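Visitor: show me the folded form of this:
(one chain, ligands or ions: 1)
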Amino acid sequence: MVLCPVIGKLLHKRVVLASASPRRQEILSNAGLRFEVVPSKFKEKLDKASFATPYGYAMETAKQKALEVANRMHQKDLRTPDVVIGADTIVTVGGLILEKPVDKQDAYRMLSRLSGREHSVFTGVAIVHCSSKEHQLDTRVSEFYEETKVKFSELSEELLWEYIHSGEPMDKAGGYGIQALGGMLVESVHGDFLNVVGFPLNHFCKQLVKLYYPPRPEDLRRRVKHNSIPAVDTFEDLSDVEGSGSEPAQRDTGSCDEKAQAGEAGQAAAEAECHRTQETLPPFPTRLLELIDGFMLSKALFTACKLKVFDLLKDEAPQKAADIASKVDTSVCGMERLLNICAAMGLLEKTEQGYSNTETANLYLASDGEYSLHGIIMHKNDLTWNLFTYLEFAIREGTHQHHRLLGKKVEDLFQDAYYQSPETRLRFMRAMHSMVKLTACQVATAFDLSRFSSACDVGGCTGALARELAREYPRMQVTVFDLPDIIELAAHFQPARPQAAQIHFAAGDFFRDPLPSAELYVLCRILHDWPDDKVHKLLSRVAESCKPGAGLLLVEMLLDEEKRVAQRALMQSLDMLVQTEGRERSPGEYQCLLELHGFHQVQVVHLGGVLDAILATKVAP
Ligand SMILES: O=c1[nH]cc([C@@H]2O[C@H](COP(=O)(O)OP(=O)(O)OP(=O)(O)O)[C@@H](O)[C@H]2O)c(=O)[nH]1
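Guide: The predicted structure follows:
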């Protein structure tokens, strides 16, 4: 692996990435770098006008981000890191510097500026080497920048808003993510693609080479004579040097190249050693290790939720592990370890005063928030986790595994497994509620549905999506149609006024009973539960209830056509195998299904979250 010698230089150091950007984390860990993530608290507010160039601004911001983390870690008496990496990505167009949009209007302003034009993306990177002398932090900064030119197609206002409503632009420089939906806006890219995504990996490696393998004077002399020494601006021909500098900019004697000149025997030995060094230093398998242990992280999160740790800490002052343990009735040593890993996962803040919730925990992990994910987490903990212990059986047999968990034959999946008692039914409803709530607003606005004055959410469960439809379309009457047992418990989730007047709950079985009449039918997370014959049965029942011009809104998580990259949807399809009789599908597969049942003009919107949306119109037979 040609990159090893360079990345290997950092493997035994304490490397910190001073960035909250998940993209930077992914790029660097995919490259085999081992690092901790400590997001910088530096406010990106340098005076742009005081910089002669935009990249000067990006490099200075990157440097300040890294220095803030280096200083904070040093002061807080955490062990001083060896290397801190900071980065800042900006977009420039017509002399303007664009950073992350502050709101949707800002995103619109940015994207309309970029429409049909070429712009530059600069990422400034700072590599800060730290050392501590007599408790004083000493830093040596190495900076560089990379420029990539990107050209956008002409983009209509409608398309821009559709993209903005996907939510993708908000945490991205220039308001787009080239690696995701934003890639569709791009006509051409000149330069390093990863630089646009947020981290110029190639230039970073070259910079490491410059730092760790500076050319020796004799190398420079020989290069002039024989042109045989790898230039420092490539990292491809480097071999690691035994005992060579763990410090940057220090050249030890005895490079492979040099040894190769020490006679034939020496050359063979040197070659063998060069070879051995490269082979014995494979890239560190960071991603693989994360995958191997990922289940422990999930279970730690589930357990903290189940013990209501995040409820206890919600909007409260920090608390010590012993206090938390006594309040939730656990051992102190166990609780302390649980809290520590939650802090390392970024769910809690740990300070000398104790543990407190992060914003994420307040918003999503405490059980009472509007957008709480507590319901889905409990579902995953109490049911999915157990079912997944039978994954191997599910793969071998191609069927769900409830019978193994329940110890009996399952005749009716929903009645026997999910709705067997009011508790399990409520747990399932809470899970569905939290998932739908998360994306309901984007689903309701993914298409203009104002032409429909009535809608029926078939299998609409708690009415979470109905509530958003009613909020977005004040003239729309929405019927939530579900089994009597579900409707009975839906009162726990009743919509708040004023939308309540627009929403009606109707009890029935969508495979047997007449569907309430409506101009728009909604199937949200329904089709993926059922085998193909039942999917056809349900679609034909919906089609029969539709007049020409009526709409069908399908809300599901979409696979990509190749079934290769949409990781969350692919994972959910596996989940559907273990839990249900259904599966996830790609837009093309849904289109075929819909057209078979007389629905045409199929439009697809990827919402980039946990659900996507498809709208189709019933045509006359
Ligand atoms: O095509 C893409 N362009 C840009 C991005 C992401 O945009 C942000 C840029 O913001 P910044 O450099 O200020 O970094 P932050 O996210 O705020 O994290 P720090 O903690 O490092 O300040 C960056 O995340 C890019 O990855 C993109 O994803 N695609």
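
Visitor: end-to-end on stretch 452-469?
Guide: Taking Cα to Cα, to the nearest Å, stretch 452-469 runs 11 Å from one end to the other.

Visitor: next, the buried residues of that stretch.
Guide: 452, 454-469 (16 or more other Cβ atoms under 10 Å). Heads up, the C-betas are built off the backbone N, CA and C, glycines and all.

Visitor: chain center to that stretch: distance?
Guide: 28 Å (Cα atoms, centre = their mean, to the nearest Å).

Visitor: and stretch 162-172, by the same measure?
Guide: Its chain's C-alpha centre and that of stretch 162-172 lie 14 Å apart, by Cα atoms, centre = their mean.

Visitor: returning to that earlier point: and the buried residues of stretch 452-469, which of them are in helices?
Guide: Ala464, Leu465, Ala466, Arg467, Glu468, Leu469 (DSSP state H).

Visitor: for the stretch 101-250 of the chain, which residues score under the pLDDT cut-off?
Guide: Across the stretch 101-250 of the chain, the ranges flagged by pLDDT under 70 are 215-250.

Visitor: and the strands in it, which stretches?
Guide: Taking DSSP state E, counting those that start in this stretch as the test, the strands found in the stretch 101-250 of the chain are 118-133, 136-152, 186-190.

Visitor: winner for burial among those?
Guide: Most buried of the strands of the stretch 101-250 of the chain, by mean neighbour count (mean count of other Cβ atoms under 10 Å): strand 118-133, with a mean of 21.

Visitor: so what strands line up beside it?
Guide: Here strand 118-133 is paired, per DSSP bridges, with strand 83-93 (antiparallel), strand 136-152 (antiparallel).

Visitor: now render the ones you listed as TSV, adding distance to the ligand.
Guide: Putting the strands paired with strand 118-133 into TSV (distance: least, Cβ to the nearest ligand atom, whole Å) gives the following:
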stretch	distance to the ligand
strand 83-93	4
strand 136-152	8
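
Visitor: which of those sits closest to Leu593?
Guide: strand 136-152 (34.2 Å; Cβ to Cβ).

Visitor: now the closest one against strand 186-190, angle please.
Guide: Here strand 136-152 runs at an angle of 130 degrees relative to strand 186-190 (axes from the mean of the first three to the mean of the last three Cα atoms, to 10 degrees).

Visitor: residues in the stretch 51-200 of the chain within reach of the ligand, list them.
Guide: Taking Cβ under 6 Å from any ligand atom as the contact definition, the stretch 51-200 of the chain meets the ligand at 65, 87-89, 100, 171-173, 176-179, 182, 196-198.

Visitor: buried members of these into PyMOL, please.
Guide: With 16+ other Cβ under 10 Å as the criterion, this PyMOL line picks the buried residues out of those:
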select buried, resi 65+87+88+89+100+172+173+176+177+178+179+182+196+197+198
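
Visitor: and of the residues of the stretch 51-200 of the chain next to the ligand, the nearest to Phe310?
Guide: Asp171 (23.2 Å).

Visitor: from what I can see Ala394 touches His400, true?
Guide: Yes: Ala394 lies in contact with His400 (Cβ atoms under 8 Å); the separation is 6.8 Å.

Visitor: and for those two, which residues touch both?
Guide: Counting by Cβ atoms under 8 Å, 6 or more residues apart in numbering, the common neighbours of Ala394 and His400 are Leu387, Leu577, Val578.

Visitor: CSV for these, including secondary structure?
Guide: Listed next are those as CSV, based on DSSP: H, G, I helix; E, B strand; the rest coil:
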residue, secondary structure
Leu387, helix
Leu577, helix
Val578, helix
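
Visitor: filter the residues you listed down to just the buried residues.
Guide: Leu387, Leu577, Val578.

Visitor: sorry, back to before: the residues of the stretch 51-200 of the chain next to the ligand: which two are farthest apart?
Guide: Lys65 and Gly182 (23.4 Å).

Visitor: and the helix or strand where Val443 lies, how far out from the chain middle?
Guide: Element membership of Val443 [criterion: DSSP states H and E] is helix 422-445. Here helix 422-445 is found 20 Å from its chain centre; the criterion is Cα atoms, centre = their mean.

Visitor: what mean pLDDT does that helix have?
Guide: For helix 422-445, mean pLDDT rounds to 94.

Visitor: where does the prediction get shaky in this protein?
Guide: 1-5, 77-78, 215-281, 495-498.

Visitor: what parts of it come near the ligand?
Guide: Going by Cβ under 6 Å from any ligand atom, the residues of the chain near the ligand are 19-21, 23-24, 39-40, 44, 65, 87-89, 100, 171-173, 176-179, 182, 196-198.

Visitor: and with 5 Å instead?
Guide: 19-21, 23, 39, 88-89, 172-173, 177-178, 196-198 (Cβ under 5 Å from any ligand atom).

Visitor: export the residues you listed to TSV and append columns for distance to His165.
Guide: Listed next are these as TSV, based on distance: Cβ to Cβ, whole Å:
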residue	distance to His165
Ser19	27
Ala20	24
Ser21	22
Arg23	21
Pro39	27
Asp88	27
Thr89	23
Lys172	15
Ala173	20
Gly177	14
Ile178	19
Val196	22
Val197	22
Gly198	23
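
Visitor: let's verify Arg72: helix, strand, or coil?
Guide: With three-state DSSP as the basis, Arg72 sits in helix.

Visitor: who's in contact with it?
Guide: The contact partners of Arg72, by Cβ under 8 Å, 6+ apart, come to Val38, Lys41.
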